[in-house]
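*Asks:* pasting the sequence and the predicted coordinates here, then a few questions.
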Amino acid sequence: MSATNTLTCTPFPKTPKPSSHKPHLSPLIKHTTHFAPLSYSSSSVAFSSAPKLMHLEKDKHNCCKATRRKSISGDEGGLDDEDGSVRRVLQFVLWAAEGVYIAWLFLLPYAPGDPVWAISSDTIDSLVGLSLNFFFVLPLMNSVGIRLIDAPVLHPMSEGLFNFVIGWTLMFAPLLFTDRRRDRYKGSLDILWGFQMFLTNTFLIPYMAIRLNEADGQYTPRKTSQLGTVMTNGAAVVGLVGGAVCLISVFWALFGREDGNFGTLTERWDFLLSYLGSERLAYAFIWDICLYTVFQPWLIHDNLQNIEKSKITVVSFLKFVPVIGLVAYLLSLNLDEES
């Protein structure tokens, strides 16, 4: 039998006629049919979904902005997630340290040297001479033959100690202006850092206590001052300058003014011990170095989100090293994130 006959004789069931079917329409599509005939093309579906997608994208954008605001105000991580009693204890310790600092170094006569109310003329002359040799500008100019003003000749150990602390203080400026808790301090950071730079560490201790306050629910970031903008944008330059001054200070204290008959390394070390035990200013510098050694890793740890992600590990390790950790932070600062 041929294939044609086989197909002809094979019975097939009747195929039912398609019944009239009206597709179920969503309310949105029904609404659109009042204005135009419905088309089942892919473009029609995409058009009907567009308002929902736009709404989701807007919610996502607002959520990201809210998260960013929360990150800037310091509501995540660190001490903010710990019990409030921890913050209160730390604040008490800091305020107590501030009281001891002022009383012991400024008012009471028990520390080495003279208190503020009985300061001697020799101490004032020494302070003026150290200020004139700020960052070794005059001594270095004189050494190359530029003598607009003759630099005061002081012991290189005292000059090195003074400029080491001042160079380290300079580098704290970008760190304070990028601190995520800086707005909890309601005063001017410009004035606070200026007093810290040119007076004493008395003003940094209260800042460290105030920044532990609870975040303000009505947080509105303050506009960065011109000084803050310069220090932040030039953080790398500040880090290099401050780090260089600290390094030069160490070498100056050990080897500076070799033609001035200031003695060998042993004799210079003996002078330093005598200097710390007789001058209130030098004694205060040691306090500042100890406090900076504590405050530097504390502040850097709280602001690791400000640096480039690829350098977080390095900065986290170096933050405990005096001066070097702060230089690493300033060189790794992510200016795009901060702006």
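*Replies:* Received, thanks. Residues are numbered from 1 along each chain as shown.
*Asks:* for the stretch 151-300 of the chain, which spans come out with low pLDDT?
*Replies:* For the stretch 151-300 of the chain, the stretches with pLDDT under 70 are 217-221.
*Asks:* what segments of it are helices?
*Replies:* Using DSSP state H, counting those that start in this stretch, the helices of the stretch 151-300 of the chain run over residues 156-177, 189-198, 204-210, 226-233, 235-255, 265-276, 280-302.
*Asks:* can you pull the contacts of the nearest residue to residue 284 once chain neighbours are set aside?
*Replies:* Taking Cβ to Cβ, 6 or more residues apart in numbering, and ignoring the residues beside it in sequence, residue 284 has residue 105 as its nearest neighbour in space, at 5.0 Å. The C-beta positions use only the backbone N, C-alpha and C, and glycine is treated the same way. When contacts are counted by Cβ atoms under 8 Å, 6 or more residues apart in numbering, residue 105 touches 111, 200, 280, 283, 284, 287.
*Asks:* then residue 257?
*Replies:* Residue 257 neighbours (Cβ under 8 Å, 6+ apart): 153, 156.
*Asks:* give me that answer again for 7 Å
*Replies:* residue 156 (Cβ atoms under 7 Å, 6 or more residues apart in numbering).
*Asks:* circling back: residue 216: which of the contacts of residue 105 is nearest?
*Replies:* Of all the contacts of residue 105, residue 200 has the smallest distance to residue 216: 29.3 Å, by Cβ to Cβ.
*Asks:* how far away is that closest one from residue 146?
*Replies:* Distance check for residue 200 against residue 146: by Cβ to Cβ, to the nearest Å, it reads 31 Å.
*Asks:* looking at these two, which is more packed in?
*Replies:* Neighbours were counted for residue 200 and for residue 146 using other Cβ atoms under 10 Å; residue 200 has more, 21 against 10.
*Asks:* hang on, that one packs against residue 283?
*Replies:* No - here residue 200 does not reach residue 283: they are 11.5 Å apart, not a contact under Cβ atoms under 7 Å.
*Asks:* how many neighbouring residues does the nearest residue to residue 183 once chain neighbours are set aside have?
*Replies:* Distances taken as Cβ to Cβ, 6+ apart put residue 222 closest to residue 183, at 5.7 Å, once the chain neighbours are dropped. The number of residues packed near residue 222 is 11, by other Cβ under 10 Å.
*Asks:* how about the contacts made by residue 207?
*Replies:* By Cβ under 7 Å, 6+ apart, residue 207 lies in contact with 185, 192.
*Asks:* repeat that with 10 Å
*Replies:* 94, 176, 179, 181-182, 184-185, 187, 189, 192-193, 196, 295, 299 (Cβ atoms under 10 Å, 6 or more residues apart in numbering).
*Asks:* put the buried members of those into a PyMOL selection.
*Replies:* Applied in PyMOL, the following selects the buried portion of the contacts of residue 207 according to 16 or more other Cβ atoms under 10 Å:
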select buried, resi 94+176+179+181+182+184+185+189+192+193+196+295+299
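*Asks:* out of the contacts of residue 207, which is nearest to residue 166?
*Replies:* Residue 166 lies nearest to residue 196 out of the contacts of residue 207, by Cβ to Cβ, at 10.3 Å.
*Asks:* was I right to think the closest one contacts residue 171?
*Replies:* No - counting by Cβ atoms under 10 Å, residue 196 stays clear of residue 171, with 11.6 Å between them.
*Asks:* thinking again about what came up before, dump the contacts of residue 207 into a markdown table; add distance to residue 207 as well.
*Replies:* Output for the contacts of residue 207, formatted as a markdown table (distance: Cβ to Cβ, whole Å):
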| residue | distance to residue 207 |
| --- | --- |
| 94 | 9 |
| 176 | 7 |
| 179 | 9 |
| 181 | 10 |
| 182 | 9 |
| 184 | 9 |
| 185 | 6 |
| 187 | 9 |
| 189 | 8 |
| 192 | 6 |
| 193 | 9 |
| 196 | 8 |
| 295 | 9 |
| 299 | 10 |
